[in-house]
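Peer 1: sequence first, then the predicted structure, then my questions.
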Amino acid sequence: MSVHTLTVDGVEVAVPEGASLLDAVRAAGVELPTLCHLDGLSPVGACRLCLVEMESSGHLQPACATAAGEGMAVLTQTPQLQHYRRMAVELFFAEGNHVCAFCVANGNCELQDVAVAVGMDHSRFPYQYPNRRVDASHPQFAIDHHRCILCTRCVRVCDEIEGAHVWDVANRGSECSIIAGLDQPWGEVQACTSCGKCVDVCPTGAIFRKDDTTGEKEANRERAGLLRSAREHHQWQNQ
Amino acid sequence: MTIPSTKLRFATVWLAGCSGCHMSFLDLDEWLFELAEHVDVVFSPVASDLKTYPEQVDVCLVEGAVANVDNLELALQLRQRTRLVISFGDCAVTGNVPALRNLWADVDGGSRQSVLDRSYLELADTGAQHPHAPGIVPELLERVRPLHEVIPVDLYLPGCPPSAERIRAAIEPLLRGETPAMEGTAMLQFG
């Protein structure tokens, strides 16, 4: 297997061909905040939190969706990157209706965690208060679009791992939203197998089990990666 | 002759919030005695009975969002009279629960009418009527805002409520003239 050698913040790392810049950054022991990325799912580069700077050009690239190449040199913690990361997180909070206090995922939310990671003590952007929907038509689960950050993890896990493709993305800009089936109530979409993988991978409290109330969501965000390695590498949890 | 006090002039203010942040402040328990050795509480819903916000306040903890004309007036006044203003808890920092009515800003009548109709007409068991007492019951603002959208804020202390430990960790350095390090889950996590 061929190997690429590159530097991350001046530290030399070697990663196998096909690895992403995010893999290389992690191999260098650097922690980058991510929201849309999830091990086991294809990369989309939607959240822009893992942006890194290419030393040669100064261009910013999402590490998750950029292939690591021989001789690359990337910076991960420049003041500009830190500024953009915090700005991106503030925009997530301002764009939706993220009220941690009574959220089902309070204390188990990746958006809440990245806010701490980037040092967000308040949002400099005015909150938009979009009047979105809650779809509780499924017998076991519900989706609260107010808490959705459009990371598309649910879309990808349902398509790539479960093979049901219940979820998709509709509309653009501030109207953009996750839809079930042909923009139907979730409970009416016959393709849904009620496997719960979308609940497990959702980074926030947007998709949750109806049994759970404030702070009770226990997501199993490793599930996609475990299933992927079981299928492709025949590595099972109990081995 | 009176000796000028070297204590900090300390205030707490309660705008549109549930008072949970103040309850958490009282959870400081015996440390409140220590605090009292370093500060004069010059205005507070839990520690004084003054109705007028005094001049030359050093530090003020402001709980709650800005939701009505009284909140707005007091926020503007305290900014003029206070050296260090702290957004105290998620309602002051983000708007939080009191600001949820902003979701109805675009419906007929706006958020103010919607929340009043819902609370006083639709959910009334008997005697459904809007509260109306000019000069006594403050008018609601159409949009509920976090404190920093109304006045400059010097320090943000998030949490719903911030724990007593977090409040102490934010206040203690101020008593020594230092700025607290607001970082990490223990100091910053919302909710």
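Peer 2: Alright, I've got the coordinates. Numbers count the residues shown, from 1 in each chain, chains lettered A, B, ... in the order given.
Peer 1: what sits against the spatially most central residue of chain B?
Peer 2: Chain B has residue B:63 as the residue nearest its centroid, 1.8 Å off, counting by Cα atoms, centre = their mean. Residues in contact with residue B:63 (Cβ atoms under 8 Å, 6 or more residues apart in numbering or on different chains) are B:12, B:13, B:14, B:15, B:17, B:19, B:21, B:22, B:88, B:89, B:91, B:92. Where C-beta positions appear, they are placed from N, C-alpha and C, glycine not excepted.
Peer 1: from chain A, how far out is it?
Peer 2: 13 Å (Cβ to the nearest Cβ, to the nearest Å).
Peer 1: for that residue, phi and psi?
Peer 2: phi -90, psi 140 (degrees, to the nearest 10).
Peer 1: burial measure for whichever residue of chain B sits closest to chain A, as a count.
Peer 2: The nearest approach of chain B to chain A comes at residue B:191, 2.8 Å away (Cβ to the nearest Cβ). For residue B:191, the tally of surrounding residues (other Cβ atoms under 10 Å in any protein chain shown) stands at 20.
Peer 1: surely it meets residue A:104?
Peer 2: No: Residue B:191 is beyond contact range of residue A:104, at 11.2 Å (criterion: Cβ atoms under 8 Å).
Peer 1: overlap in contacts of these two?
Peer 2: Common neighbours of residue B:191 and residue A:104, counting by Cβ under 8 Å, 6+ apart, are residue A:215.
Peer 1: from the chain's centroid, how far away is stretch B:149-169?
Peer 2: Offset of stretch B:149-169 from its chain centre (Cα atoms, centre = their mean, to the nearest Å): 9 Å.
Peer 1: let me know whether it sits next to chain A.
Peer 2: Yes: Stretch B:149-169 lies within reach of chain A by Cβ under 8 Å from any Cβ of the partner chain, at B:149, B:153, B:156, B:158, B:160.
Peer 1: swap in stretch B:69-86?
Peer 2: No: applying Cβ under 8 Å from any Cβ, one finds stretch B:69-86 separated from chain A by no less than 11.0 Å.
Peer 1: do the same with stretch B:92-109
Peer 2: Yes: using Cβ under 8 Å from any Cβ, stretch B:92-109 reaches chain A at B:93-97, B:99-100, B:102-107.
Peer 1: PyMOL command to pick out the buried ones of those residues?
Peer 2: Entered in PyMOL, the line below selects the buried ones among the residues of stretch B:92-109 next to chain A, by 16 or more other Cβ atoms under 10 Å in any protein chain shown:
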select buried, chain B and resi 93+94+95+96+97+99+100+102+103+104+105
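Peer 1: what about the residues of stretch B:92-109 next to chain A, which are in helices?
Peer 2: Applying DSSP state H to the residues of stretch B:92-109 next to chain A, the entries found in helices are B:93, B:94.
Peer 1: closest one of the residues of stretch B:92-109 next to chain A to residue A:90?
Peer 2: Of all these, residue A:90 sits closest to residue B:94, with 10.7 Å by Cβ to Cβ.
Peer 1: does that closest one touch residue B:160 like I think?
Peer 2: No: look at residue B:94 against residue B:160 with Cβ under 8 Å: they stay out of range, at 9.1 Å.
Peer 1: and the contacts of the least confident helix or strand in chain A by mean pLDDT?
Peer 2: Every helix and strand in chain A was compared by mean pLDDT, DSSP states H and E; the lowest is helix A:223-233, with a mean of 91. Helix A:223-233 is touched from outside by A:38-41, A:153, A:157, A:161, A:197, A:200-201, A:235-237, with contacts defined as Cβ under 8 Å, 6+ apart.
Peer 1: give me the residue from chain A nearest chain B.
Peer 2: Here chain A gets closest to chain B at one residue, residue A:100, 2.8 Å apart by Cβ to the nearest Cβ.
Peer 1: re earlier: buried residues, the least confident helix or strand of chain A. List them.
Peer 2: Buried residues in helix A:223-233, defined by neighbour count with 16+ other Cβ under 10 Å: A:223, A:224, A:227, A:228.
Peer 1: and residue 72, what pLDDT?
Peer 2: I'll assume chain A. You'll see residue A:72 listed with a pLDDT of 97.
Peer 1: not quite, I wanted chain B
Peer 2: Residue B:72 carries a pLDDT value of 98.
Peer 1: what does residue B:108 give?
Peer 2: 89.
Peer 1: what do you get for residue A:180?
Peer 2: Looking at residue A:180, its pLDDT stands at 98.
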